[in-house]
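**Student:** Have a look; sequence and predicted model below, questions after that.
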Amino acid sequence: MGKGIKRILLITVSCIIYGMGVSSFVEPNHLAPGGFTGLAVILSRLLPVETGNLYLLMNIPVIILSGIKFGTKFTASTLYAIVIVTLSTNVFSEFPEATAEPLLGAVFGGTMIAFGMGMVFRLGATTGGIDIIIKCLRIKFPHLRTGTLILILDGIIITLSGLVFGNLDSVLFSILAIVTTSYILDIVLYGRDEAKLIYIISDEYQVITNRILKEVGVGITHLEGSGAYAKKEKNVIMCVVRKQAAHKVEEVVRQEDAKAFMIVGSATEIYGEGYKSYFGEVL
């Protein structure tokens with residue numbers, strides 16, 4: 001019960017932040033932040049209907065799709081999130097804008113929208129709209145990142161905003177808002193867990209292993225290898241360390257075997273103990 005209440009409260013706060021980003025930063029500066037929110041902003045300039053209400057109306061068929069594809073629990077959470085986004089968008093539209101500077105509106109509005117959206121994703125729901133469509137696409141194309149998919153689909157919204165606003169500056173700032181949203185969303189969803197993947201081939205592999213385990217405190221895997229030229233069996237050390245600790249591993253190798261063969265590469269996503277949970281990412 002306590003976990004359920006906490007989840008609902010977090011979804012509520014995240015959706016309020018989302019709505020504030022739209023009404024206080026993006027919409028007053030005539031920016032289309034992409035997705036159904038961007039469409040709602042555009043349509044509100046053409047129809048005598050509030051942005052939040054338009055957002056809710058456009059999400060009706062999406063909610064039906066969600067119910068068919070993902071079941072009642074997920075759909076109920078998403079419907080709740082959509083309602084809170086709608087209400088908060090309408091409420092904050094009654095207050096003066098936070099800034100009249102389009103650049104600030106794009107950056108801070110995009111950041112708030114991405115943060116709210118990303119937190120709702122992580123809590124097992126979505127804010128509706130393109131989010132549901134993206135969730136379906138992620139099932140079919142799991143190698144594509146959520147932020148990347150949003151960036152592609154939002155290109156269509158940008159084109160429409162250019163036709164409605166007839167202002168190149170608005171289009172350019174809208175693009176900035178979308179890029180900001182995409183970047184921040186990936187950080188919220190995937191985290192800044194970039195690390196270094198290191199392979200070490202050395203005759204002193206056991207000494208190096210012991211020092212890395214003791215001094216750096218990271219896990220190590222030993223791989224069996226064979227030199228193609230000398231036909232000599234080799235033990236290969238493989239480890240993943242966070243970027244700030246990589247130099248410690250390199251220093252250990254230099255001290256123990258200056259002739260060691262070492263490969264250092266980047267690992268952008270790491271799942272498992274000490275890094276990201278397999279189940280912590282909803283999309």
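**Tutor:** Looks like it arrived, so ask away.

**Student:** Just say helix, strand or coil for the residue lying farthest from the centre of the chain.
**Tutor:** Centroid-distance maximum for the chain: Ala230 at 46.8 Å, with CA atoms, centre = their mean. Assigned with DSSP: H, G, I helix; E, B strand; the rest coil, Ala230 falls in the coil class.

**Student:** Give me the pLDDT for it.
**Tutor:** Listed pLDDT for Ala230 reads 75.

**Student:** Kindly list the main-chain dihedrals of it?
**Tutor:** Ala230 adopts backbone torsions of phi -80, psi -10, taken as degrees, to the nearest 10.

**Student:** Which elements pack onto the lengthiest helix in the chain?
**Tutor:** Secondary structure of the chain per DSSP state H: the longest helix is helix 60-92. Counting contacts by 3 or more CB pairs under 8 Å, 6 or more residues apart in numbering; DSSP states H and E, helix 60-92 packs against helix 2-20, helix 51-58, helix 130-140. All C-beta atoms are positioned from the backbone trio N, CA, C, and that covers glycine.

**Student:** Pull out the buried residues from it.
**Tutor:** Within helix 60-92, the residues that count as buried by 16 or more other CB atoms under 10 Å are 62-63, 66, 70, 74-75, 77-82, 84-86, 88-90, 92.

**Student:** for the chain, what spans make up the helices?
**Tutor:** Under DSSP H, the chain gives helices at 2-20, 35-44, 51-58, 60-92, 102-122, 130-140, 146-165, 168-190, 205-211, 246-256.

**Student:** Quick one: distance of the longest one to the chain centre.
**Tutor:** Using CA atoms, centre = their mean, to the nearest Å, the mean C-alpha position of helix 60-92 is found 20 Å from that of the whole chain.

**Student:** Likewise for the last one?
**Tutor:** For helix 246-256, the separation from the chain centroid amounts to 33 Å (computed by CA atoms, centre = their mean).

**Student:** With the shortest one instead?
**Tutor:** In this view, helix 205-211 has its centroid 37 Å away from the chain centroid, taken as CA atoms, centre = their mean.

**Student:** what's next to that helix, contact-wise?
**Tutor:** With contact meaning CB atoms under 8 Å, 6 or more residues apart in numbering, helix 205-211 is reached by Ile200, Ser202, Ile220, His222, Asn235, Val236, Ile237, Val252, Val253, Glu256, Asp257, Ala260.

**Student:** Return the set of buried residues in that helix.
**Tutor:** So helix 205-211, judged by 16+ other CB under 10 Å, has buried residues Tyr205, Ile208, Thr209, Arg211.

**Student:** if you compare the helices and strands packed on helix 60-92, which one is most tucked away?
**Tutor:** Of all those, helix 51-58 has the most neighbours on average by mean count of other CB atoms under 10 Å, namely a mean of 21.

**Student:** pLDDT (mean, whole number) over that helix?
**Tutor:** In this model, helix 51-58 has a mean pLDDT of 88.

**Student:** now for it, which elements pack on it?
**Tutor:** Using 3+ CB pairs under 8 Å, 6+ apart, helix 51-58 sits against helix 35-44, helix 60-92.

**Student:** any idea of the angle the longest one forms with helix 51-58?
**Tutor:** What it means is helix 60-92. Calculated by axes from the mean of the first three to the mean of the last three CA atoms, to 10 degrees, helix 60-92 forms an angle of 170 degrees with helix 51-58.

**Student:** and the angle for helix 60-92 with helix 130-140?
**Tutor:** 140 degrees.

**Student:** returning to that earlier point: dump the helices and strands packed on helix 60-92 to TSV, plus distance to Met117.
**Tutor:** Converted to TSV, the helices and strands packed on helix 60-92 look like this (distance: least, CB to CB, whole Å):
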stretch	distance to Met117
helix 2-20	6
helix 51-58	13
helix 130-140	7
